[in-house]
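Undergrad: could you look at this predicted model? Sequence included:
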Amino acid sequence: MQYMLLIYSNEKPENPPAPEEWGKVMSEYMKFTEAIKSEGIMIAGDALKGTDTATTVRVRDGDAMHTDGPFAETKEALGGYYLIDVPDLDAALAVAARLPGSWYGSVEVRPVMMPEDYQSA
């Protein structure tokens, strides 16, 4: 099964990490990425630019409306993702617990709908 690991963290923490600490976190992300690649479970993954670069699109009555910023204002913002292929939810949760983002933010784990799922949705 495929699972999306959505990484959330505070974009503007009260006590931001020092540059050397941030370097350690990025090093841990690189190690994590290499590990899940070598395990053959990584499909994709990327970091996202900040919410200040986001544009939200809504179409109402055929008219597209564009709004600067994310859909909702929250302290934690989506900062990146990994798409993995593992046997089940328990395996996906174990991978998410290894993700550096889970150490200071949160990781939402969601199954990806596959073509066969659309018939029962």
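TA: Nice, I can see it.

Undergrad: now residue 76, nearest residue through space, not along the chain?
TA: residue 8 (4.2 Å; Cβ to Cβ, 6 or more residues apart in numbering). (Glycine included, C-beta is placed from N, CA and C.)

Undergrad: just confirm that neighbour contacts residue 78, I think it does.
TA: Yes. Residue 8 is in contact with residue 78 according to Cβ atoms under 8 Å; the separation is 5.9 Å.

Undergrad: low pLDDT regions in the protein?
TA: Along the chain, segments meeting pLDDT under 70 span 70-74, 120-121.

Undergrad: could you pull out the helices for it?
TA: 19-38, 89-98, 101-104, 115-118 (DSSP state H).

Undergrad: for residue 13, find the nearest of those helices.
TA: helix 101-104 (8.3 Å; Cβ to Cβ).

Undergrad: ramachandran coordinates for the residue of the chain positioned farthest from its centre?
TA: Ranked by distance from the centre of the chain (Cα atoms, centre = their mean), the top residue is residue 61, with 31.4 Å. When read as degrees, to the nearest 10, the backbone of residue 61 gives phi 50, psi 40.
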